[in-house]
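J.: Provided below are the primary sequence and the corresponding predicted coordinates.
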Amino acid sequence: MARTDDDTWEITESVGATALGVASARAAETESENPMIRDPFARVFLDAAGDGLWNWYSASQLPAELLDAEPTLRLQMKAMVDYMACRTAFFDQFFLDATNAGIRQAVILASGLDSRAWRLAWPDGVTVYELDQPRVLEFKSSTLAEHGAEPACHRIAIPADLRQDWPTALRRAGFDAGAPSVWSAEGLMPYLPAAAQDLLFERIQKLTVTGSRVAVEALGPSFLDEEFRARRRERMARIRDLVAKLDPQRAIPNNEELFYFEEREEVGDWFARHGWEVTVTPSDELMARYGRAAPPEVAEQVPGNLFVAAQRTGS
């Protein structure tokens, strides 16, 4: 499961499986009593992928033995669903605000299994470019096509590894670097080495003009905090061991093996240095803004990420 420079994955393994986990959270929110966001296709992806640990966020029941051993687990899972709902709402609104203001090119980096191109009310004339690993894009496109779903915009899928030369593929697909564009990098930063993160932003800089916008889910200070990471490892090891005893066929992966724990420049600082007007919102503030603040007893289990919104003002 450890990362390599040229690793790829099926939708049910490695980084691909994390996309299913996020889809599970969106399905749980969509099917809740008062959903903040609606993603009618999240459950479609889960059904197509089959049973797996990723279904736990949207499962109606959890093993009683697990809940007895981890009394706050259900509360923790609810907080994570709330986090994912707030994250989704943030990026949804960012794209709609930009395109309603006249931008007609949207680029979704590491698009995963979010069905934004299908489910948002895009203005006429918008082209959405989705970039991700080939197998992820193929799973999404074929699954939705089998269910008769059509994109709500002009969607162009670009199979690409964001660590490789994706700008060439984007341009060849029709992207106009001389016109304003809106970008997102959601759920991506921990899966990139620090050097690859810098390269990603440098490429965005070369592909954008004044008036362009970008939103990034950036890593917060807890990401490299050794004490925080130790507490998280201990808790997850305890849960993994218990699940292994209850169901040996359902192994919980160690997601830390997928991350790159490297020092890197703050995302907001990088864009501010390069001529962008930047707003940074910590995840706890974002969740409070949406009325979904995590209960104090499980607040540490919610990602302490930073939501960066930037608009290019300089050349």
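T.: Right, received. Where do you want to start?

J.: all contacts plus neighbour counts: C-alpha atoms, from now on.
T.: Noted.

J.: what's in contact with the lowest-mean-pLDDT helix or strand in the chain?
T.: For the chain, using mean pLDDT, DSSP states H and E, the weakest element among its helices and strands is helix 64-69, scoring a mean of 74. Contacting residues not belonging to helix 64-69 are listed as 73, 74, 239, 242, 243 [CA atoms under 8 Å, 6 or more residues apart in numbering].

J.: how does it look with 6 Å?
T.: Residues outside helix 64-69 that contact it (CA atoms under 6 Å, 6 or more residues apart in numbering): none.

J.: next structured bit after it?
T.: Scanning forward in sequence from helix 64-69 by DSSP states H and E, the next helix or strand is helix 73-100.

J.: would you indicate which residues of that next one are buried?
T.: Within helix 73-100, the residues that qualify as buried by neighbour count (16 or more other CA atoms under 10 Å) are 73, 76-88, 90-92, 94-96, 98-99.

J.: go on, stretch 102-112?
T.: Residues 103, 104, 105, 106, 107, 108, 109, 110, 111, 112 are the ones in stretch 102-112 that count as buried (16+ other CA under 10 Å).

J.: any idea which of these is closest to residue 192?
T.: Nearest to residue 192 out of these is residue 110 (CA to CA; 11.0 Å).

J.: so the closest one touches residue 132, yeah?
T.: Yes - taking contact to mean CA atoms under 6 Å, the distance of 4.7 Å between residue 110 and residue 132 places them in contact.

J.: so, low pLDDT: which residues of the stretch 1-150 of the chain?
T.: Across the stretch 1-150 of the chain, the ranges flagged by pLDDT under 70 are 1-16, 51-63.

J.: picking that back up, mind checking how far the least confident helix or strand of the chain is from the chain centre?
T.: The chain centre lies 29 Å from the centre of helix 64-69; the measure is CA atoms, centre = their mean, to the nearest Å.

J.: just stretch 108-125 next, same as before
T.: Relative to the chain's own centre, stretch 108-125 is displaced by 13 Å; criterion: CA atoms, centre = their mean.

J.: list the contacts of that stretch.
T.: For stretch 108-125, using CA under 6 Å, 6+ apart, the contacting residues are 19, 130, 131, 132, 151, 152, 183, 184, 185.

J.: in strands, which of these appear?
T.: Secondary structure of the contacts of stretch 108-125 is defined by DSSP state E; positions in strands are 130, 131, 132, 183, 184, 185.

J.: tell me, how many residues neighbour the last one?
T.: Looking back up the chat, that one is residue 185. For residue 185, the tally of surrounding residues (other CA atoms under 10 Å) stands at 19.

J.: hey, what's the residue nearest to it when sequence neighbours are not counted bridged with?
T.: Distances taken as CA to CA, 6 or more residues apart in numbering place residue 216 nearest to residue 185, at 4.8 Å, with adjacent residues excluded. The residues listed as beta-bridge partners of residue 216 by DSSP bridges are residue 185, residue 308.

J.: now the two most distant members of the buried residues of stretch 102-112.
T.: Between all members of the buried residues of stretch 102-112, the longest pairwise span (CA to CA) is found for 103 and 112 and amounts to 22.7 Å.

J.: mind listing the helices for the stretch 201-315 of the chain?
T.: Taking DSSP state H, counting those that start in this stretch, the helices of the stretch 201-315 of the chain run over residues 226-246, 267-273, 283-289.

J.: mind putting those helices in TSV, mean pLDDT, distance to residue 31 and mean neighbour count included?
T.: Compiled in TSV, these are given as follows (pLDDT from 0 to 100; distance: least, CA to CA, whole Å; neighbours: other CA atoms under 10 Å):
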stretch	mean pLDDT	distance to residue 31	mean neighbour count
helix 226-246	80	26	14
helix 267-273	98	34	17
helix 283-289	98	19	17
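
J.: any chance of TSV for the ones you listed, columns distance to residue 206?
T.: As requested, these are arranged in TSV below (distance: least, CA to CA, whole Å):
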stretch	distance to residue 206
helix 226-246	35
helix 267-273	13
helix 283-289	29
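
J.: before we move on, back to that, of all the ones in strands among the contacts of stretch 108-125, which two lie farthest apart?
T.: Put simply, by CA to CA the two of these set farthest apart are 132 and 183, 13.8 Å from each other.
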